[in-house]
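K.L.:
the amino acid sequence is not available; the structure is as follows:
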């Protein structure tokens, strides 16, 4: 038994833990949880916990449904909202087939495969997400427009607002669970919050995002409000994105940093960005996976809709932030299209592989965008060679279908499931008659 | 001149002692001071030098530089012997002596060379070189910098000279030589630590520092020239800052490496390799003890534990070194409890072997097949399997561990002795090769002079002797798994010699499990049943099993192979030549092992056809025989039989034999998928032809007249295209053409067709051959046989587009040749419509295909894994090809191909498909066909869905050359997904986004 496992088993004893929740993520990015008694945990470390994979979205078909969940001891944490006594702990799991071979349906394994490929090329991959979300006064009810908890704006200091207390509490809990928070503030829209997690390797970050969503939902519950990661819950206000900073390291050295490069960006960094841009349309369905995601992308402002990059340009899809002198190791690039409702494991995997492809093939980086991309005319954008990101889930699916890059990154199983699921979602949506249509057409037609 | 008559006899004498070029050597020998040394009988001493030419040349060089230095050789016979042996073998050591002739004095009888071969004197000699007190542990050196490095190198070579003297002139055993070389390395590392300590800046934070030897040095079995593998440990003194202490320790480590490996005017010692440390080359050079432990507890890979078997503290802080060892050792012994430990280690070994360039494989002593690494790995594996339960096996050195394994009954004593002797020979040979130029090499040289030197230094008279010995030893080592792993298992169950130590049942079970057997208890029972008894059969099986068990273990499912062998043995064991053949011909046994593991179909075919085993002897016999040869044999065999029933019985057993041939060639990777399909079609065709002829003969005999009508069989579908799979039925149509208008021609034809169908399908020991005539006009409700005119009328009146499509692969092949031709002429107009295909019919075909997709896929089937009807599967590719044929074959005659692959090629050549589309479709068709065949071979059952059983998948992946089962599924889905995209675009005319 390794030290980490010993530590977990000892903690369970010492902290009087009553239940251990085994966490894993389905293909669409929903957190799944199996509770086991602490006594069973040691066995779970050694032999895995069997479960019926066909019950999990995207995992297995009925005839091949037996799967095992293997707790990853390094992810053990006590859930702070359950109180001191009778506490509950969580631990992330890897999913395998009954013979111990990794399951191709496990999003964690999808990301691990992509990371292994990066590692073969000598890179490790770090990410740093800025997570936006809304706080509403009440649980959603059909037909009722959600009311934000406050009326503050960007960076407003709001000592008496619910949001302020909320962020303080959420951050405390995150820190208790070993997740470092870099930054937090009130975002632009009423009720909208942003919390930035400290940068970490991509697998840890993805685990952290899953934990983050659970913590935020729990804290909201405790405060009698409702938290939502829906990309665009309101027509009036900007949506919730998850701008994510990416960097590659070679050993201790930031591979994106080159003091002599333009914006201190190394050739590897330029190729990585070129890869992200060239493959942007085909990975969009993974980064923006819901019908609603595309409403955010159409909204303008901080959400990008065109494939381009810019130095410190907040309207571009990829932004190269201003270099801070003497901080070569913090050189990074920011992808601004993905939203908070994505499956972080899959999203990081496709971003990484798109960027690596750029390095492998030595893509040339097109010139950067210097203007506000939204203010350009279509003709100007065409002249500058900026193509549009897919404008709907249907479009995004059609591009993804033909992508070998996405198929190889997700693996054929996840690729196939994801497309089938998203086609169904799109078909269902196409049949809807919306309030907008009733309002607009009924009176005149 | 008085000397003149002596010249010829002197030349002869020189040749006798092994001089190659007397004309060069003679003048040197005749000049002083050598002349005085080698007068008269003393000349014979040159025979002591493996390369006397070089020895003389070197001595002449020394004489030129320092004539007095040779004086010692004049009266000290021992010194003379040692000197000749050394300079006549090693150019590297000879160079040293030329530079420092006074070191010849070290070789004097009773001189320093004797004392330097003991660890303590050696250590003192080396440490004093850098001015460190050998009696004071942790002493700093008095000398530093280049001065210390040069001194260390000179003394290192002096000790090397002493060791070589023991080795080359006094036949000291290999074990001891390797130990002395390791002791020398220990001493050098200790001196290097002393120098590095002295070179630290005064303000460096103090630290504790230890060097752990790994690899050969750790095992005290070092070579003459080898990298020395080490790991460094550093600790702060009590209460000090760890970071600062580690910084000092890292400086020490870096300098220790530099002190040993830097090239100075006095050369270099050896490379120090620290790559075995945690995280390898990317990891920190020095870690604290806790950090080492943390790494091994959490991150280390299997092979790293294997490497730790050899860890031994050799220099620096002794307490720290011992603490390291005590913390690490227990982990080594729990690591082997990990799952798939042995499999991983063996996979690693195979990877290493594959990476040797092909032209060096046979000469590579260390890594080549039958080389040193084979012995080292095998011994380490057994240590790791049995060491956790038995501490007596925890030896560091290979030979010591092998001896312990033998002593405690884990391997046979004799087998262990054979392995030890081969290992010693190969190691000694390696030493001699390295001594030549003091270079790190494990390659047997190709240069004749070098080979001769080595042979003579080993007391072998000729190069041929050397090669024969080497061959003999590598051959023995190649059988090491059989001898060390498996033979003891038999003794565990056979209860032959009760006296000697032998494996207990539990130990045998442990070992089988570690070697990959899923059900080791069951396997052991099979071994027991097969090997117990006094029968001849049991005796042969006892010699066979250790070999077979090893081969089985190389597959993912060894148990299946063993079970198969048990079954075949039970069925055929009494056929005396069967077992003899397996015993005497290892190729046959190896092929059979692979077949038994990978194919239940082949195993079944073997059970009642012992003669098939003989086929495995020659690869040529496993190649398909071709239609003409099959037809010739099948016809003759059928004609000899009295009636149709007997004839068909004979044909079915011939067919079984041919099926086995194809299955075996397929599993063994001797034939490609296209050849497999072709061969299966040929066997089908030959069987049906000979059987139909026999049935007609039978009819004519019974009725006393000739068949009143001409009769023909038309191959349809994949049979028509000569692309049959293992489990396929024979899709056919029957046609006849009356000769005698008055007779009941149709009745006779139906009688023949029915009899043929029934006889071939009858249950029996031979696999049945099922005829499927459902593609005929009107399907099952239509007449089984139709006349040629009937076909013509039917097609004229009713023909449907799908029937034209089915006719694309129609191929009449028997019995009446003229009727076959007439039938082809009839259908050509149908299947290659002169105007192409009207749009309405194209639409109809597309609609039928769409309906088939929606309806025919069985409920619950995974469309991405259904080989026939699934996404991008066989049907997609075939329908697309057939649509292109119907549309274009009239205009492009090259498209009139029966086989899908040929038609695909033709479509590409006619630019109906792009190169990329062609490639994608061919890949999918081949993939689906290969997986389907592999699955049929494996399970013996015909299934259309790729199995998702994990063991099945692993076995299929193994046969198909894919790394793992899930990877096979992944590849299957990828290839077919791409084909589906092409299909949608080219068949439906647009990409389809609806869910499939």
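P.N.:
Right, received. Where do you want to start? Since this is a predicted model, take the numbers as computed values, not measurements. Residues are numbered from 1 along each chain as shown, chains lettered A, B, ... in the order given.
K.L.:
most remote residue from chain B's center?
P.N.:
In terms of distance from the mean C-alpha position of chain B, residue B:742 ranks first, at 69.5 Å (CA atoms, centre = their mean).
K.L.:
quick one: end-to-end distance for stretch B:792-810.
P.N.:
15 Å (CA to CA, to the nearest Å).
K.L.:
re earlier: the residue farthest from the centre of chain B in helix, strand or coil?
P.N.:
coil (DSSP: H, G, I helix; E, B strand; the rest coil).
K.L.:
mind checking how far it is from residue B:700?
P.N.:
17 Å (CB to CB, to the nearest Å). In short, each C-beta sits where N, CA and C put it, glycine included.
K.L.:
try residue A:203
P.N.:
Taken as CB to CB, the span from residue A:203 to residue B:700 is 78 Å.
K.L.:
of those two, who's got more company?
P.N.:
A direct count of neighbours by other CB atoms under 10 Å in any protein chain shown for residue A:203 and residue B:700 places residue A:203 higher, at 21 against 13.
K.L.:
wait, what's in contact with the more buried one?
P.N.:
Shown in contact with residue A:203 (CB atoms under 8 Å, 6 or more residues apart in numbering or on different chains): A:108, A:111, A:112, A:115, A:345.
K.L.:
tell me the one among those nearest to chain B.
P.N.:
Proximity of those to chain B (CB to the nearest CB) peaks at residue A:112, which lies at 13.6 Å.
K.L.:
and the closest one, what helix or strand is that in?
P.N.:
Secondary structure from DSSP states H and E places residue A:112 in helix A:107-120.
K.L.:
ok, then the element right after that helix?
P.N.:
The helix or strand immediately downstream of helix A:107-120 is strand A:124-136, counting by DSSP H and E.
K.L.:
name the helices or strands packed onto that following strand?
P.N.:
helix A:107-120, helix A:162-176, strand A:192-197, strand A:200-201, helix A:202-223, strand A:226-228, strand A:242-250, helix A:344-361 (3 or more CB pairs under 8 Å, 6 or more residues apart in numbering or on different chains; DSSP states H and E).
K.L.:
in whatever helix or strand comes next after the second one, what counts as buried?
P.N.:
In other words, helix A:162-176. Once helix A:162-176 ends, the next helix or strand along the chain (criterion: DSSP H and E) is strand A:181-186. If you call a residue buried by 16 or more other CB atoms under 10 Å in any protein chain shown, then strand A:181-186 has these buried ones: A:181, A:184, A:186.
K.L.:
now do strand A:181-186 against helix A:162-176, angle only.
P.N.:
Put simply, strand A:181-186 runs at 170 degrees to helix A:162-176, going by axes from the mean of the first three to the mean of the last three CA atoms, to 10 degrees.
K.L.:
which secondary structure elements does strand A:181-186 sit against?
P.N.:
Judged by 3+ CB pairs under 8 Å, 6+ apart, the packing partners of strand A:181-186 are helix A:162-176, strand A:192-197.
K.L.:
so the longest one versus strand A:192-197, what angle?
P.N.:
Taking the same axes, to 10 degrees, helix A:162-176 and strand A:192-197 form an angle of 20 degrees between their directions.
K.L.:
of all of chain A, which residue lies closest to chain B?
P.N.:
In chain A, the residue that lies nearest chain B is residue A:412 (3.3 Å; CB to the nearest CB).
K.L.:
list the residues that contact the residue of the stretch 151-300 of chain B found nearest chain A.
P.N.:
Residue of the stretch 151-300 of chain B nearest chain A, by CB to the nearest CB: residue B:297 (4.4 Å). Residues in contact with residue B:297 (CB under 8 Å, 6+ apart) are A:2, A:3, A:4, B:331.
K.L.:
do residue B:588 as well
P.N.:
Contacts of residue B:588 (CB under 8 Å, 6+ apart): B:581, B:582, B:613, B:616, B:617.
K.L.:
okay, now residue B:451: neighbour count?
P.N.:
By other CB under 10 Å, the residues close to residue B:451 number 18.
K.L.:
what's the residue lying closest to it once chain neighbours are set aside in contact with, if anything?
P.N.:
Take residue B:451 and drop its neighbours on the chain: the residue closest to it by CB to CB, 6 or more residues apart in numbering or on different chains is residue B:463, 4.7 Å away. By CB under 8 Å, 6+ apart, the contact set of residue B:463 is B:448, B:451, B:452, B:455.
K.L.:
what is the most widely separated pair among the contacts of residue B:588?
P.N.:
B:582 and B:617 (10.3 Å; CB to CB).
K.L.:
returning to what we had before: right, so the helices and strands packed on strand A:181-186: which one is the most enclosed?
P.N.:
Ranked by mean neighbour count, the helices and strands packed on strand A:181-186 are led by strand A:192-197 with a mean of 23 (mean count of other CB atoms under 10 Å in any protein chain shown).
K.L.:
pLDDT weak spots in the stretch 151-300 of chain A?
P.N.:
A:153-161 (pLDDT under 70).
K.L.:
host element of the residue nearest to residue B:676 when sequence neighbours are not counted?
P.N.:
Distances taken as CB to CB, 6+ apart place residue B:666 nearest to residue B:676, at 5.1 Å, with adjacent residues excluded. Element membership of residue B:666, judged by DSSP H and E, is helix B:644-667.
K.L.:
can you name every helix or strand that that helix contacts?
P.N.:
For helix B:644-667, the packing partners by 3+ CB pairs under 8 Å, 6+ apart come out as helix B:586-598, helix B:600-607, helix B:611-615, helix B:627-639, helix B:673-703, helix B:745-761, helix B:915-939.
K.L.:
show me where the stretch 201-350 of chain B has strands.
P.N.:
Shown for the stretch 201-350 of chain B, the strands assigned by DSSP state E, counting those that start in this stretch span residues B:207-213, B:228-236, B:272-273, B:286-287, B:312-316.
K.L.:
the last one versus strand B:228-236: what angle between them?
P.N.:
In other words, strand B:312-316. Using the same axes, to 10 degrees: strand B:312-316 against strand B:228-236 is 60 degrees.
K.L.:
adjacent strands (with direction) for strand B:312-316?
P.N.:
Partners of strand B:312-316 in the sheet, by DSSP bridges, are strand B:207-213 (antiparallel).
K.L.:
so what's the residue in chain B that chain A sits nearest to closest to, chain neighbours aside?
P.N.:
Chain A sits closest to residue B:973 of chain B, with a gap of 3.3 Å, by CB to the nearest CB. Spatial nearest neighbour of residue B:973, excluding adjacent residues (CB to CB, 6+ apart): residue A:412 at 3.3 Å.
K.L.:
which residues does that neighbour contact?
P.N.:
Going by CB under 8 Å, 6+ apart, residue A:412 touches A:104, B:864, B:969, B:970, B:973, B:974, B:977.
K.L.:
taking helix A:344-361 as reference, get the angle to the longest helix along chain A.
P.N.:
Identified as the longest helix of chain A according to DSSP state H is helix A:404-430. Here helix A:404-430 runs at an angle of 140 degrees relative to helix A:344-361 (the same axes, to 10 degrees).
K.L.:
what angle separates helix A:404-430 from helix A:107-120?
P.N.:
Going by the same axes, to 10 degrees, helix A:404-430 makes 150 degrees with helix A:107-120.
K.L.:
wait, a strand at residue B:979?
P.N.:
No - secondary structure of residue B:979 (three-state DSSP): helix, not part of a strand.
K.L.:
and it, how far from residue B:59?
P.N.:
Separation of residue B:979 from residue B:59 (CB to CB): 76 Å.
K.L.:
pull the number of nearby residues for residue B:435.
P.N.:
Around residue B:435 sit 26 other residues, with neighbours defined as other CB under 10 Å.
K.L.:
check which helix or strand covers it.
P.N.:
Going by DSSP H and E, residue B:435 is part of helix B:413-437.
K.L.:
picking up where we left off before, quick one, which of the helices and strands packed on strand A:124-136 is nearest to residue A:332?
P.N.:
strand A:242-250 (4.1 Å).
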